[in-house]
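Engineer: here is my input, please return the structure:
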Amino acid sequence: MAGGRPVAAVNEVSFELAAGECLALVGESGCGKSVLAAALLGLLPANAQTQGSARILPEGPELLSAPEATLARSVRGRRLGLIPQSPANHLTPVRTVRSQLEETVRELTDVPRRELRDAARRAAERAAFPLDHLDRYPHQLSGGLAQRAATALALVADAPLLIADEPTTGLDRDLVDRTVGELRRHVDDGHGLLMITHDLAAAERIADRIAVMYAGRIVELVDAAAFFGAAGPRHPYAAGLLDALPERAFTPIPGLPPELDALPTGCAFAPRCVRATDSCATLPEPADGVACHHPREPADARS
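Structural biologist: Now for the predicted structure:
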């Protein structure tokens, strides 16, 4: 709610994610990416409402309507792992990283108690967390170290689906490369990965498909090879994201995204779009992976 008015933070989002596949969810801040992750994990505020259905594996519980006890005991960590966007806020402040890793290993795996210490060390090494920092508390960690600690915790149980919300934030380029490599290995081992990111370079390295979100909706869903290749994305907003990169045109998208409590009735991107016409006053329905009245064609990308 905003000023007593309902806010539709995420609208009509639909996708499937296969085992052994990475879907990168990209878009500007405030478009609803992290809200989507919170909904799947049952971590929305008490005044939030959800509609629809979401499952991990056909036999898994329905996530959006599952009671908290089910989510806590059989979903979070076990079926659905999370690398949070603000890791320092998700680490227990009065316990060391080692203690939190050992507890997570004990709760989520069958590792014998006598082997917990070694298992915690292996988990830390997997996320490039320095072993000589294991006995530090969260407030003693830099942002990058907190990110690596959160990554280590999320990977412990090898959950069928992992949500990585900005997993490379605060990391230098070498650690970005290592984190991306580890997440890709996680995918190649047969796990699903939903990666929420602003880092399109990391997305290009790891993703099998790209979902572009704008104003709470997925406006394009496409194979990563096509998105980053010569044809490029078809939605003008998605193309603008790529053109804004320093290694490309380095041209920012003009204007600002709309407020989610004041969305237009038609295409939300129309006020910023050079292709907008009167037809954009109506909401475009997705067709062939893109929701746009005037999608770009391959010839547009070459021109």
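
Engineer: quick check: which element contains residue 186?
Structural biologist: helix 173-188 (DSSP states H and E).

Engineer: buried set for that helix?
Structural biologist: Within helix 173-188, the residues scored as buried using 16 or more other Cβ atoms under 10 Å are 175, 176, 179, 180, 182, 183, 186, 187. Just so you know, the C-beta spots here come from the backbone N, C-alpha and C atoms, and that holds for glycine as well.

Engineer: any idea which of the residues you listed is closest to residue 255?
Structural biologist: Using Cβ to Cβ, the shortest approach to residue 255 within these belongs to residue 176, at 29.7 Å.

Engineer: distance of that closest one relative to residue 166?
Structural biologist: 11 Å (Cβ to Cβ, to the nearest Å).

Engineer: run a quick neighbour tally on residue 245.
Structural biologist: 12 (other Cβ atoms under 10 Å).

Engineer: list the contacts of it.
Structural biologist: 200, 201 (Cβ atoms under 8 Å, 6 or more residues apart in numbering).

Engineer: cool, residue 56 as well?
Structural biologist: 63, 75, 79, 80, 160, 161.

Engineer: got it, and residue 233?
Structural biologist: Counting by Cβ under 8 Å, 6+ apart, residue 233 has contacts 210, 212, 220, 222, 226, 227, 239, 241, 242, 296.

Engineer: related to what we said a few turns ago, what sits in contact with each of residue 176 and residue 166?
Structural biologist: Common neighbours of residue 176 and residue 166 (Cβ under 8 Å, 6+ apart) are residue 199.

Engineer: out of the contacts of residue 233, list just those in strands.
Structural biologist: When these are checked against strands (DSSP state E), the matches are 210, 212, 220, 222.

Engineer: separate out the buried members of these.
Structural biologist: 210, 212, 220, 222.

Engineer: thought the first one was touching residue 225?
Structural biologist: By that I understand residue 210. No - Residue 210 sits out of contact with residue 225 when judged by Cβ atoms under 8 Å, with a separation of 9.7 Å.

Engineer: isn't residue 148 up against residue 125?
Structural biologist: No - between residue 148 and residue 125 there is no contact under Cβ under 8 Å: 10.4 Å.
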